[in-house]
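[1] Quick one, what's the 3D model for this:
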Amino acid sequence: MDRPVKTPLSYEEVKSQILKHLNPRVTYTLSDISHEALREIVTSSGVYSIKSPIALVVVQGGSLHQVFDDDGTGHCYAAPETGNSIVRYLTKNEKS
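    Next comes the predicted model:
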């Protein structure tokens, strides 16, 4: 049986879903990273890959970053500022 093909979500669609769930008493930065084809998080435990990242959520003063992909899945990792991760990415223009 074939699975239905999902249409990738746009930044605006992901943003509207994220905004519904954010705590209004906390300051967030929400960034469009849809120009990235791939985001990799490098830690002492290994490399975690996020394909088709769309939005980055950063809490002011927080130690985690959250990235949503074009499927709407959220991925959390230690913010690079903590010294526990390194972020590398490939833009869609660089994709071979």
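
[2] buried ones in stretch 82-95?
    S85 (16 or more other Cβ atoms under 10 Å). Yep, even glycine has a C-beta here, placed from its N, CA and C like the rest.

[3] Give me the contacts around it.
    For stretch 82-95, contacts defined as Cβ atoms under 8 Å, 6 or more residues apart in numbering pick out 33, 35-44, 53, 63, 77-80.

[4] which of those count as buried?
    With neighbours counted by 16+ other Cβ under 10 Å, those contain buried members at I33, E36, A37, L38, R39, I41, P53, Y77, A79.

[5] gap between the two ends of stretch 13-27?
    Stretch 13-27 stretches 21 Å from its first residue to its last (Cα to Cα, to the nearest Å).

[6] Outside of it itself, list whatever touches it.
    Contacts for stretch 13-27 (Cβ under 8 Å, 6+ apart): Y28, L30, D32, I54, A55, V57, V59, Q60, F68, D70, G72.

[7] hang on, the first one packs against Q60?
    Yes. Using Cβ atoms under 8 Å, Y28 and Q60 qualify as a contacting pair, with a distance of 7.0 Å.

[8] Work out for me the element the residue nearest to the spatial centre of the chain sits within.
    Of all residues in the chain, the one closest to the mean position by Cα atoms, centre = their mean is V67, 1.7 Å from it. Assigned by DSSP states H and E, V67 belongs to strand 64-69.
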